[in-house]
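In: Could you work out the structure for the sequence below:
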Amino acid sequence: MHLAPLTIVKQGRVAIADDVAECFNARMALILIGERPGLSSPDSMGLYLTWGAKRGAKDSERNCISNIRPEGLSYDDACQRTLYLLEEAKRLNLSGVDLKDRSEIDDDSSSTLNQTNSNNFLINRL
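Out: Next up, the predicted model:
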């Protein structure tokens, strides 16, 4: 596996990952983006994953892990969910509405993954 160079884009929006992925001929794009100032949780971040990212990709082709912050989804749990989605996207060659997050983060903060659905409202369900 080869990783493209880390790319930092000031004032970038989610879709910039598609342009970057296309420039590097990457099979997958992952972007970490901060919340816009002025919203209720300005310290929140979101991760967006797109398999086969290219210019003009639709939002339905992306997976999102949102509300990453101390009072929301912990950084460790967000990393675990991201790893799960990255592995599944690579295995299935897809992302977005066709890729469901079936990882489960234990309530005791041990951050283990299981192949079952979670009661967490942030997780897509079947």
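In: avg pLDDT for the longest helix belonging to the chain?
Out: Counting by DSSP state H, the longest helix found in the chain is helix 75-92. Average pLDDT, helix 75-92: 94.
In: Show me which positions of it end up buried.
Out: 77, 78, 80, 81, 82, 84, 85, 86, 88, 89 (16 or more other Cβ atoms under 10 Å). Glycine gets a C-beta too; all of them are placed from N, C-alpha and C.
In: now do stretch 16-33
Out: Buried, per 16+ other Cβ under 10 Å, within stretch 16-33: 17, 18, 19, 20, 21, 26, 27, 28, 29, 30, 31, 33.
In: what about the third one, which helix or strand?
Out: Spelled out, that is residue 19. helix 16-23 (DSSP states H and E).
In: Give me the helices and strands touching that helix, please.
Out: Other elements packing on helix 16-23 under the criterion 3 or more Cβ pairs under 8 Å, 6 or more residues apart in numbering; DSSP states H and E are strand 28-34, strand 45-51.
In: Distance from the chain centre to the last one, please.
Out: Here strand 45-51 is found 3 Å from its chain centre; the criterion is Cα atoms, centre = their mean, to the nearest Å.
In: Equivalent analysis for stretch 96-107, please.
Out: 11 Å.
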